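> sequence and computational prediction follow.
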Amino acid sequence: MYQTFTFLHSTFRWLVLISIIYSIIISLRGYFSEKLFTKSDNLLRHSTATISHIQLILGITLYSQSPIVSYFWKNFDEAKQSTDLLFFGLIHIFLMLMSIVLITMGSAITKRKSNDKDKFKTMLIWYSLALLIIFIAIPWPFSPFANRPYFR
């Protein structure tokens, strides 16, 4: 079960990244071109938040099943000295939760804006901040904190 969730979580991250990056690109175009915020833009806003929430559920399930996390919390004083254990036990989940909060808030605030330009601007700002945090929190193969392959 743990390996299945590891695979799903690792693979689903690409869908999250693609949806956020695409949302940011559409927001940039809409904001600077002063386009109307259409139903498809609204669907993209909502879909990006939904995809992120699905990833959150996969991540929390993986976190609760992870032997790495279990070891981290059972041996906290010793484990916090290890960058890899600290990253997966605390840093990764904290930063990812923060990014999901930003995406959720950005989506909700965007939905309530009355001006189309403000909708694009709001989505652009909140989703960009979330993407920045996500890039820091993903265990890329080149990450100094903890590294994993692009696909598991």
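Structure's in. What do you need? Residues are numbered from 1 along each chain as shown.

> which residues are in contact with residue 52?
Contacts for residue 52 were tallied using Cβ atoms under 8 Å, 6 or more residues apart in numbering; they are 16, 19-20, 99-100, 103-104, 130. Glycine gets a C-beta too; all of them are placed from N, C-alpha and C.

> JSON lines for those residues, including pLDDT?
Below are the contacts of residue 52 laid out as JSON lines (pLDDT from 0 to 100):
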{"residue": "16", "pLDDT": "97"}
{"residue": "19", "pLDDT": "98"}
{"residue": "20", "pLDDT": "98"}
{"residue": "99", "pLDDT": "98"}
{"residue": "100", "pLDDT": "98"}
{"residue": "103", "pLDDT": "98"}
{"residue": "104", "pLDDT": "98"}
{"residue": "130", "pLDDT": "98"}
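
> just put these in a markdown table and tack on secondary structure and neighbour count.
As requested, the contacts of residue 52 are exported to a markdown table (DSSP: H, G, I helix; E, B strand; the rest coil; neighbours: other Cβ atoms under 10 Å):
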| residue | secondary structure | neighbour count |
| --- | --- | --- |
| 16 | helix | 24 |
| 19 | helix | 20 |
| 20 | helix | 21 |
| 99 | helix | 25 |
| 100 | helix | 20 |
| 103 | helix | 30 |
| 104 | helix | 16 |
| 130 | helix | 27 |
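
> from the residues you listed, which is closest to residue 56?
Distance to residue 56, by Cβ to Cβ, is smallest for residue 100 among the contacts of residue 52, at 5.0 Å.
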